[in-house]
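Novice: Predicted model, plus sequence, below.
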Amino acid sequence: MTAALVTATAVSICTWAVASTPCCMIVRKDFEGLRFNTAIARLTELTTHASKIVARDGVTPRALAEPLVLMVAPLAPHVAEELWKRLGHEESLTYAPFPVADEALAAERAIDLPVQINGRTRFTMDVPAHAGEEEIERLLRAHADFARYTEGLAVQRLVIAAGRIANVLAR
């Protein structure tokens, strides 16, 4: 990764928000808990994402490369230091702060909720990540597949585990 192959663009800010913010949070927690193998696995996933961006655009976004190098530093300090210099920094990365994740960017906006009707998973639906049982029930009853699978049946029981599953008993 040379300085010529790293760019700072508006797209890179989006890339950082989408790809590395959740990664940064998990890697930080893994380092604090001394779970280095899982931190390495998450960094490998982020590197794979960066490789796909390079294959598509021909360059690595700076907003992705710099935090990646900083997160690799505790595991491979000499390699990270060399990459940091190639990114154009004069000072050592030893004094650079570890990337901090923005919790608002890392939070899931929507989740895919499976819906079981009479014990069989029939469909999934997107619901807001922080939706309560009442909101999930409202969205479920308005869903086209719900009407299709419960047509002619009376809903006897509706059990909702918010964020995990909705189970419908209809006879």
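Specialist: Arrived safely. Numbers count the residues shown, from 1 in each chain.
Novice: residue ranges of the strands in this protein, please?
Specialist: Taking DSSP state E as the criterion, the chain carries its strands at 6-7, 60-61, 110-117, 120-128, 155-161, 165-170.
Novice: From the rest of the structure, what touches the fourth one?
Specialist: This points to strand 120-128. With contact meaning CB atoms under 8 Å, 6 or more residues apart in numbering, strand 120-128 is reached by 109-116, 135-136, 139-140, 143, 145-146, 149. Using the backbone N, CA and C atoms, a C-beta is placed for each residue, glycine as well.
Novice: again with the last one
Specialist: Strand 165-170 is contacted from outside by 113-118, 136-137, 140, 146, 149-150, 153-161, using CB under 8 Å, 6+ apart.
Novice: okay but residue 46 is in contact with residue 69, surely?
Specialist: No: using CB atoms under 8 Å, residue 46 makes no contact with residue 69, being 11.1 Å away.
Novice: most residues in a single helix of the chain, which one?
Specialist: Secondary structure of the chain per DSSP state H: the longest helix is helix 36-57.
Novice: And that one, what's buried?
Specialist: Neighbour-count burial for helix 36-57, counted by 16 or more other CB atoms under 10 Å, picks out 39, 42-43, 46, 49-50, 53-54.
Novice: what's the model's confidence in stretch 152-164, averaged?
Specialist: Mean pLDDT, computed over stretch 152-164, is 87.
Novice: got the end-to-end distance for it?
Specialist: 27 Å (CA to CA, to the nearest Å).
Novice: for stretch 70-88, same thing?
Specialist: 14 Å.
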